[in-house]
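**Student:** Following is a predicted model, sequence given first.
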Amino acid sequence: MSTLGKDERALSAVDLFAGCGGMSLGFMDAGFDVARAYDNWDAAIKVYEKNFNHPIIKMDLTNEEDAIKSILEVSPELIFGGPPCQDFSTAGYQDETRGRAVLSISFARIIAGVHPRWFVMENVATIRNTQSFKVACSIFKSAGYGLTCKVLNAAHCGVPQARKRMFVIGGLGESDGFLLDALNENLAERPMTIRDYLGDSLGIDNYFRVPTNYSRRGVFSIDEPSMTIRGVDRPIPKGYKGNPNDSAPVSEVRILTPKERSYIQTFPKSFDFFGSKSDINQMIGNAVPVNLAKYVGSILMKHIAQRKVIGK
């Protein structure tokens with residue numbers, strides 16, 4: 001819910017590396033006016049166009065000069081985005097030399113070039129251990145931004161999923177850590193379970209998620225947070241015989257459908273996913289959970305509103 005008064009103008013925002021729009025939805029729910037989005041993946045762009053009224057522009061954001069020129073056309077007060085992170089996620093290679101890590105640096109250079117009042121960058125928790133992260137933060141600091149860096153577990157932010165993500169929130173002229181207290185104070189005391197969020201609507205009490213190896217459990221209860229939603233859709237393998245920690249016999253459960261996994265990413269049921277099966281799964285798995293983005297956006301919006309009250 002927006003903290004703006006009736007006569008106040010919503011703050012304009014731009015979504016970089018928008019994907020199918022999880023962050024856009026969350027920041028819109030927090031009260032921001034998303035004027036434009038950018039991405040370079042055709043399948044995601046088509047889905048974004050179907051679900052939003054504002055434009056999304058196809059652009060390679062490593063072309064920083066063109067990106068800055070385009071974004072300045074709308075003069076956003078906030079830029080947010082999640083540069084693709086597969087090469088240093090725990091599910092990826094954890095190798096920042098493979099190319100994708102440089103996108104966080106491109107994001108930082110675009111921020112420095114456009115110089116919005118505020119920005120939010122989302123990424124995997126392990127980005128904090130990379131040289132790319134250090135370089136990006138140095139660019140932000142040199143451009144005059146105070147930074148709040150916080151790893152959030154989505155399960156404590158209104159999402160029925162154990163998904164840890166790093167958020168870097170920047171404000172011109174702010175002190176480092178300026179949003180840290182608010183981010184911590186508003187966390188839920190206990191993690192949200194699937195049943196907390198979806199009730200009995202799935203028609204199941206347990207489900208299967210393919211483990212990274214068969215020594216780990218594969219069957220989970222909806223009375224716990226989901227494991228991190230991944231960008232794959234694999235059937236129950238014949239080689240999986242069960243695990244002592246499974247919440248039910250593997251013979252009695254099924255996998256979640258892509259649409260059900262989108263609910264766990266807190267996309268609304270009305271959100272229209274389409275395209276190839278692999279594209280849909282990748283879009284859903286790569287997305288920032290809507291309610292996680294809303295959590296961060298709402299806290300930032302409240303901070304901005306308080307700044308306006310005291311005239312800063």
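**Tutor:** Looks like it arrived, so ask away. These figures come from a predicted structure and were not determined experimentally. Numbering: from 1, shown residues only.

**Student:** hang on, Met23 packs against Leu78?
**Tutor:** No. Checked against Cβ atoms under 8 Å, the pair Met23 and Leu78 is beyond contact range at 11.1 Å. Yep, even glycine has a C-beta here, placed from its N, CA and C like the rest.

**Student:** where in the chain is pLDDT low?
**Tutor:** Counting by pLDDT under 70, the ranges of the chain that qualify are 1-9, 85-101, 310-312.

**Student:** how about the helices of it, start to end?
**Tutor:** Using DSSP state H, the helices found in the chain span residues 22-29, 42-51, 64-72, 102-114, 131-142, 180-185, 194-198, 258-264, 277-286, 290-309.

**Student:** Please work out which of those is packed deepest.
**Tutor:** Neighbour counts (mean count of other Cβ atoms under 10 Å) averaged over each of the helices of the chain peak at helix 22-29, with a mean of 26.

**Student:** name the helices or strands packed onto it?
**Tutor:** strand 12-16, strand 33-39, strand 78-81, helix 290-309 (3 or more Cβ pairs under 8 Å, 6 or more residues apart in numbering; DSSP states H and E).

**Student:** Dump those to CSV, plus distance to Thr212.
**Tutor:** Supplementary listing: those in CSV, determined by distance: least, Cβ to Cβ, whole Å:
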stretch, distance to Thr212
strand 12-16, 30
strand 33-39, 28
strand 78-81, 28
helix 290-309, 23
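
**Student:** mind listing what the nearest residue to Arg216 once chain neighbours are set aside touches?
**Tutor:** Closest residue to Arg216 apart from its sequence neighbours, by Cβ to Cβ, 6 or more residues apart in numbering: Asn243 at 6.7 Å. Asn243 makes contact with 211, 214-219, according to Cβ atoms under 8 Å, 6 or more residues apart in numbering.

**Student:** Quick check, Ser75 in contact with Ala13.
**Tutor:** No. When contacts are counted by Cβ under 8 Å, Ser75 is not listed as touching Ala13 (11.1 Å).

**Student:** quick one: which of the two has more around it?
**Tutor:** Comparing Ser75 with Ala13 by other Cβ atoms under 10 Å, the one with more neighbours is Ala13, at 29 against 11.

**Student:** Hmm, Ala35 is touching Ser12, no?
**Tutor:** Yes. Counting by Cβ under 8 Å, a contact exists between Ala35 and Ser12, whose distance comes to 4.9 Å.

**Student:** between the two, what contacts are shared?
**Tutor:** 74, 76.

**Student:** how close does the residue lying closest to Leu180 once chain neighbours are set aside get to Ser106?
**Tutor:** For Leu180, ignoring the flanking residues on the chain, the nearest one in space by Cβ to Cβ, 6+ apart is Thr148 at 5.3 Å. Distance of Thr148 to Ser106, computed by Cβ to Cβ, to the nearest Å: 21 Å.

**Student:** cool, Lys150 as well?
**Tutor:** Plainly put, Lys150 is 22 Å away from Ser106 if you go by Cβ to Cβ.

**Student:** The stretch 101-250 of the chain: strands as residue ranges?
**Tutor:** With DSSP state E, counting those that start in this stretch as the criterion, the stretch 101-250 of the chain has strands at 118-124, 145-153, 164-172, 206-208, 219-221.
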